[in-house]
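Q: what's the 3D shape of this:
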Amino acid sequence: MSVLFVTGTGTEIGKTVTTAAIAAAALAQGRSVAVLKPAQTGVTADENGDAAEVERLAGAVTTAELARYPDPLAPATAAARAGLPPVRPEEIAETAAELAASHDLVLVEGAGGLLVRFDADGNTLADAARLAGAPVLVVAQAGLGTLNATALTALALRAYGLRCPGVVVGSWPAEPGLAARCNLTDLPEAAGAPLLGLVPEGSGAMPPQHFRAAARGWLAPELGGSGALRIPS
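A: Here you go, the predicted structure:
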């Protein structure tokens, strides 16, 4: 995969930290990495966005944003409120291709879930991924409610003809409850794809050098991980 889109089953579930972990794993293998955030919302011009956070945690990656909107809303709504042009799926696909020409791996991090609107025409991250011909990784929550959200995301991916290489739990709790433990077995069925990672809760607060050293251990080999994914009992 030279281009990999990263989406979530919702907001605040660990997409950015998961993207950083994949980037760190690739860098540890000597691969060059670019991170594209098509639409950064909820951040002012002088604040760091998600791409900068990936760089802070993972290390020397190339970062790119196509648009930045101050309101913490869906990109289409945030663009309209700011009176700024929206991001089009063609721009996302073209920029990903340009970055792929000079990098081994391009990670495209979406905003919120897969079908969040980027423009008034209803285009979404799924439209951009389809134009790019790229697979879409799903980042999911650990506990109750995640199976339905993951199944709906997987259903939408299939409707768009998109391949899902797997699902990653973006914030795995230090003391998982019964639902979270059972979901490790059920998530692959809901996603129709394998479980490819468990990113520990609070990983984004780790010192960057510790994050980089640990990241490969959170991921399966398909995402550059160091070995077979260990499923907690």
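Q: show me the shaky parts of the protein.
A: Counting by pLDDT under 70, the ranges of the chain that qualify are 1, 231-233.
Q: could you measure from the residue of it positioned farthest from its centre over to Val116?
A: In the chain, counting by Cα atoms, centre = their mean, Gly83 sits farthest out from the average C-alpha position, at 27.1 Å. Gly83 sits 20 Å away from Val116, going by Cβ to Cβ, to the nearest Å. All C-beta atoms are positioned from the backbone trio N, CA, C, and that covers glycine.
Q: can you list contacts of stretch 89-105?
A: With Cβ atoms under 8 Å, 6 or more residues apart in numbering as the test, stretch 89-105 has contacts from 1-4, 22-23, 26, 31-34, 36, 38, 62, 64, 66, 106, 108, 118, 123-125, 127-128, 130-132, 134.
Q: next one: it to chain centre, how far?
A: 16 Å (Cα atoms, centre = their mean, to the nearest Å).
Q: got the buried residues for it?
A: Pro89, Glu91, Ile92, Ala93, Thr95, Ala96, Ala97, Leu99, Ala100, His103, Leu105 (16 or more other Cβ atoms under 10 Å).
Q: find the helix or strand that the third one is a member of.
A: Remark: Ile92 resides in helix 89-100, with elements defined by DSSP states H and E.
Q: quick check: what element follows that helix along the chain?
A: strand 105-113.
Q: dump that following strand to CSV, restricted to CA.
A: C-alpha atoms of strand 105-113 as CSV (Å, rounded to 0.1, in the frame of the first residue of the first chain):
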residue,chain,number,x,y,z
LEU,A,105,3.8,5.5,2.2
VAL,A,106,1.2,8.2,2.2
LEU,A,107,-1.3,8.3,5.1
VAL,A,108,-4.5,10.3,4.4
GLU,A,109,-6.3,11.0,7.7
GLY,A,110,-10.0,11.8,7.4
ALA,A,111,-12.2,14.0,9.6
GLY,A,112,-14.6,12.2,11.8
GLY,A,113,-16.3,9.2,10.1
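Q: what does the helix or strand following that strand contact?
A: Sequence order places helix 125-132 as the next helix or strand after strand 105-113, per DSSP H and E. For helix 125-132, the external contacting residues (Cβ under 8 Å, 6+ apart) are 3, 5, 7, 38, 89-90, 92-93, 96-97, 108, 110-111, 114-116, 118, 135-136, 156-157, 160-162.
Q: Ala220: how many residues sit nearby?
A: Under the neighbour criterion other Cβ atoms under 10 Å, Ala220 is assigned a count of 20.
Q: which residues touch it?
A: Gly166, Pro194, Leu195, Leu196, Gly197, Ala228, Leu229.
Q: for ChimeraX, what selects the buried ones among these?
A: Burial among these is assessed by 16+ other Cβ under 10 Å; the matching ChimeraX selection reads:
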select :166,195,196,197,229
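Q: now the two most distant members of the contacts of Ala220.
A: Greatest spatial distance in those: Gly166 and Ala228, 13.5 Å, computed using Cβ to Cβ.
Q: in this structure Ala25 contacts Leu223, no?
A: Yes. If you go by Cβ atoms under 8 Å, Ala25 and Leu223 touch, sitting 6.4 Å apart.
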